[in-house]
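J.: Compute the structure for the input listed below.
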Amino acid sequence: MSRRSELLTKLLRKEVVAPICIFAIFGALSFSTAWDWADRGLYDLCLRIKCSIAPLEKSPRIVPVDLTDRVELSLGRAVDSRQVFLDAITVLGKAEAHGGFDILFSSEKDPEIDSGIAGALRQAPGCTLIIEPLSKAETNFSGSASAAWENAIVRKHLWHPKVVHGGKVPVAERFLLPTRELAEGAPHLAQAALRIDSDGICRRAPLLYKWEDGYMPSFALVMAVDALGIDPRAIVLNAGSCLRLPLKNGKKIDIPIDDSACAYIPYTGLWRDGARRIPLDAFAAAAHDEKTFSEMYDLIDGNIVAFSDITTSQKDYGTTPLESVYPLSGVHYSLLNGIITGNFFRPVPLFARSIILALLLIGALAIIQGRNDKRFHVAFAILFIGYTLATALLWFVFLCVPSYTGAAVALCVAWLSSWIFRLIASHNERLLMKNALSRYFPRALAERIMKEGKTDLAPSNKELTILFADISGFTKWSSDKSPESVHGFLCDYLESMSKVLFEHGGTVDKFMGDGILAFFGDPFTQADHTERCVRAAIDMQRQIGILGAKWKAIVGIDLRVRIGINAGNVIVGNLGSHTRIEYTVIGAAVNLAQRMESNAPVGGILVAEEAYGKVANLFEFSAPQPVHAKGYEKPVNAYIVLADN
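T.: Model (predicted):
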């Protein structure tokens, strides 16, 4: 059989094919949504760890201004009438600063003040107000359709980017706007929608909503684009890849988005760990005091002012991976910070996930081929740990969102299923050895017969190395021992010796009571069969020393073994009758090997001259000793093995 055929046969074994097929099935599931729930939990954990030990950069250009419970209580009617917001917008316009209000002014208050706000908005070209997108179901529930003036205002603020791939950007049926006067005066309008996952946690936010022939951008995106001086018409939308913002200096900001134009929110930490926050009353006071305005101007010049209502009465709170109660205005700050700093979390690209899965598959296939159980488990553990470390590296260094669970489960299932098959195979091997005591095959021959279903190994003439081993004084020792004691000892001895012989590639021909006949070089040819045989004999004597110490205390045997070795041409193969067949060796070289054993020193190894000539430079031998063997006219030189060279 050619090496290619042997490899193919090895790969097609059921204990290889089944675990690999199982791995492929579970690996394919990693590209579906089957493991999203687990990957979300892992992402939350990784995010918390990152924010604790290596948080994302926080841009000093973002200045949060908050309407808190304290401010609302101290300002009283100035909040209800929106006077404080008029003052804040006035300061923003006077400072020619960029900013936005995460507050929906949807109801009419004081007409005079609202008119003042509309006028102030016209003097603050960098100011953005939010609108809320409504789905078809929400529109039907409200029972009202958008008015013509609302549609006209929305069209005015739509973006028309260059679309490479439109994907599945969410579609708005209509938008909930501020009052007409404020909406008409607002320089910029932007949607402030968020995406809440099925477990109630906010991890992503849509950057765009589709409406008619254009897109309504998100609150953070509008403020960033306005502050950076980017022409919205130059923006490139490639859903499933990125939203590209070209800068004036020729550089670009690529925001990773999914097919629905949602981006992972690049949280930088807990709410209390955010940037220095300014109370709304302190900011609005700058509208009436030049000194205060001068101080405020120094603070906001060239920056982006983000106004939010975080009073408990508004209940604008949600759950994030970091905190169970989190002001949702912080989501917009995080998105804005990500755009300004260029730091965004990104999913692992599909091609990279495919390569990782293929490498894991190749690694699992290579490991399953091995026969050593300890190495099998160690290799799988190393592969699993390596995959885990690679995932951690992608997250902490390249900000790639973990897509871990599917491949990890596939690897573990392949590991477990392969181990089960190995246990079954090991059990079958033990049964084979138990049922074949009369014909004690080595593993290589047993596997060959079982796989090929052949018992017609035709006899052939072949050069082999023959080994005989016999326990000195065994007959006398066993004469007064119980059958149970003799059987227990002999089974342990024969099994230990067979194991040593098999490890060196030998074939056990037969057990003759306490005697062993083994040979090297068949059924598979071994160019170094004599060296293997001598090394096996040396290891047998070492193992005999261990067994002797063990059984001396149990049954009182003084275990010492003579071993004889010879090399030469013999007939090897299936020999016998129709009713009984035996795989064995016959020939003069076999007989001489037996004479070597009977003349070997107790506890020693005696090698005939033919075998000695093949390994003389590999081992240390005694001087030649003449041995008188039946069938030989002259004495045969033999050598005692002393040690390895």
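J.: Every contact and neighbour count from this point should use C-alpha atoms.
T.: Will do.
J.: for residue 81, phi and psi?
T.: Main-chain torsions, residue 81, degrees, to the nearest 10: phi -80, psi -10.
J.: Pretty sure it sits against residue 115.
T.: No. Using C-alpha atoms under 8 Å, residue 81 is not in contact with residue 115; the gap is 11.8 Å.
J.: what ranges do the strands span in the stretch 51-200 of the chain?
T.: 62-67, 98-102, 127-134, 162-165, 174-176, 188-191, 195-196 (DSSP state E, counting those that start in this stretch).
J.: if you skip the residues just before and after it, what's nearest to residue 119?
T.: residue 185 (6.8 Å; C-alpha to C-alpha, 6 or more residues apart in numbering).
J.: ok, that neighbour - contacts?
T.: Residue 185 makes contact with 118-119, 121-122 under the criterion C-alpha atoms under 8 Å, 6 or more residues apart in numbering.
J.: and it, how far is that from residue 211?
T.: 21 Å (C-alpha to C-alpha, to the nearest Å).
J.: Likewise for residue 633?
T.: Counting by C-alpha to C-alpha, the gap from residue 633 to residue 211 is 109 Å.
J.: These two: who's more crowded?
T.: residue 211 (20 against 8; other C-alpha atoms under 10 Å).
J.: Isn't residue 176 up against residue 130?
T.: No. Contact criterion C-alpha under 8 Å: residue 176 and residue 130 do not qualify, at 9.2 Å.
J.: higher neighbour count, these two?
T.: With neighbours defined as other C-alpha under 10 Å, residue 176 and residue 130 compare such that residue 130 has more, 25 against 16.
J.: Give me the nearest residue to that one, chain neighbours excluded.
T.: Once flanking residues are discounted, residue 130 sits nearest to residue 190: 4.9 Å by C-alpha to C-alpha, 6+ apart.
J.: Contact partners for the one you found?
T.: When contacts are counted by C-alpha under 8 Å, 6+ apart, residue 190 is found next to 128-131, 157, 216-219, 222.
J.: Need the contact partners of stretch 283-295.
T.: Under C-alpha under 8 Å, 6+ apart, the answer for stretch 283-295 is 65, 84-85, 87-88, 90-91, 296.
J.: ok, so of those, who is nearest residue 375?
T.: Nearest to residue 375 among these: residue 65, at 60.8 Å, using C-alpha to C-alpha.
J.: List the contacts of that closest one.
T.: Contacts of residue 65 (C-alpha under 8 Å, 6+ apart): 277-280, 283, 305-308.
J.: circling back to that earlier point, please identify which pair of the contacts of residue 185 lies farthest apart.
T.: Greatest spacing in the contacts of residue 185, by C-alpha to C-alpha: 118 and 122 (6.5 Å).
J.: quick one: which of the contacts of residue 185 sit in helices?
T.: Among the contacts of residue 185, DSSP state H puts 118-119, 121-122 in helices.
J.: What spatial separation is found between the residue nearest the centre of the chain and residue 407?
T.: The chain has residue 387 as the residue nearest its centroid, 3.5 Å off, counting by C-alpha atoms, centre = their mean. Distance, residue 387 to residue 407, by C-alpha to C-alpha: 9 Å.
J.: do the same with residue 55
T.: Distance from residue 55 to residue 407, by C-alpha to C-alpha: 27 Å.
J.: now do residue 312
T.: 43 Å.
J.: neighbour-wise, which of those two wins?
T.: A direct count of neighbours by other C-alpha under 10 Å for residue 312 and residue 407 places residue 407 higher, at 26 against 11.
J.: Quick check: nearest residue in space to that one, chain neighbours excluded?
T.: Nearest non-adjacent residue to residue 407 (C-alpha to C-alpha, 6+ apart): residue 27, at 5.3 Å.
J.: now swap in residue 169 and tell me
T.: The shortest distance from residue 169 to any non-neighbouring residue, by C-alpha to C-alpha, 6+ apart, is to residue 260 (4.2 Å).
J.: any idea whether that neighbour is helix, strand or coil?
T.: Under DSSP: H, G, I helix; E, B strand; the rest coil, the three-state class of residue 260 is coil.
J.: Verify the contact between it and residue 239 for me.
T.: Yes. Taking contacts as C-alpha under 8 Å, residue 260 lies within contact range of residue 239: 6.5 Å.
J.: so what sits against both of those two?
T.: 167-169.
J.: Buried only: go through those residues for me.
T.: By neighbour count, with 16 or more other C-alpha atoms under 10 Å, the shared contacts of residue 260 and residue 239 hold 167, 169 as buried.
J.: would JSON lines of the shared contacts of residue 260 and residue 239 with distance to residue 376 and pLDDT be doable?
T.: Shown next, in JSON lines, are the shared contacts of residue 260 and residue 239 (distance: C-alpha to C-alpha, whole Å; pLDDT from 0 to 100):
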{"residue": "167", "distance to residue 376": "45", "pLDDT": "92"}
{"residue": "168", "distance to residue 376": "46", "pLDDT": "94"}
{"residue": "169", "distance to residue 376": "48", "pLDDT": "95"}
